[in-house]
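Trainee: I'll drop the sequence and a predicted model, then ask my questions.
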Amino acid sequence: MAEGKEEKIVVIGTHAGEDPDRATLPFVVANAAMAMDVKTTVILQGDAVTLAVKGAGGNIQGIGFPPLKDLMASYFAQGGQILLCTPCIKGRNIAPETLVESASLIAAARVVQECLEAKAVLNY
């Protein structure tokens, strides 16, 4: 880390079960970053917000990757949290009480803030 500044990345996911690889990759990268002591923020937008519903990632597995449910569990076990697009949740009629505990609802301004603070932003 340069001059005491904490390294940070933002990983944005926009896919769910319709594209298992792209649904899985944000959590593969997030786990790797956290293992490297890089502050990691995962933001889910579009269909990806459905992954934050308790039990939703159970049958999703990208080719060559561990199951998504295992990757998400590992990410949360390392203290990871996910930020969810509020309009995306509302538009899909997802009730906030059905979401995993590590999920927080946000709006566009928070996405911009997180990205401006990060050294890198990845989008899947």
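Mentor: Cool, got the structure.
Trainee: Next, count neighbours for residue 78.
Mentor: 13 (other Cβ atoms under 10 Å). Heads up, the C-betas are built off the backbone N, CA and C, glycines and all.
Trainee: so who does it touch?
Mentor: 31, 34-35 (Cβ atoms under 8 Å, 6 or more residues apart in numbering).
Trainee: give me that answer again for 10 Å
Mentor: Neighbour list for residue 78: 30-31, 33-35, 40 [criterion: Cβ atoms under 10 Å, 6 or more residues apart in numbering].
Trainee: Same question for residue 118.
Mentor: Residue 118 touches 7-11, 38-41, counting by Cβ under 10 Å, 6+ apart.
Trainee: Restricted to strands, list the residues you listed.
Mentor: Judged by DSSP state E, those include 8-11, 39-41 as members of strands.
Trainee: and of those, the nearest to residue 77?
Mentor: Residue 77 has its nearest neighbour among those in residue 40, at 13.3 Å by Cβ to Cβ.
Trainee: buried residues in the helix or strand hosting residue 27?
Mentor: Secondary structure from DSSP states H and E places residue 27 in helix 20-35. Buried positions in helix 20-35, judged by neighbour count with 16 or more other Cβ atoms under 10 Å: 20, 22-31, 33-34.
Trainee: and those, which two are the farthest apart?
Mentor: Once Cβ to Cβ is applied, these give 20 and 34 as the farthest pair, at 21.7 Å.
Trainee: From residue 93, how far off is the residue nearest the centre of the chain?
Mentor: Nearest residue to the geometric centre of the chain (Cα atoms, centre = their mean): residue 42, 3.2 Å. Distance of residue 42 to residue 93, computed by Cβ to Cβ, to the nearest Å: 22 Å.
Trainee: What about the residue nearest to residue 117 when sequence neighbours are not counted, how many residues nearby?
Mentor: Nearest-residue entry for residue 117: residue 8, 6.0 Å, with adjacent residues in sequence omitted and distances by Cβ to Cβ, 6 or more residues apart in numbering. Using other Cβ under 10 Å, the number of residues around residue 8 comes to 16.
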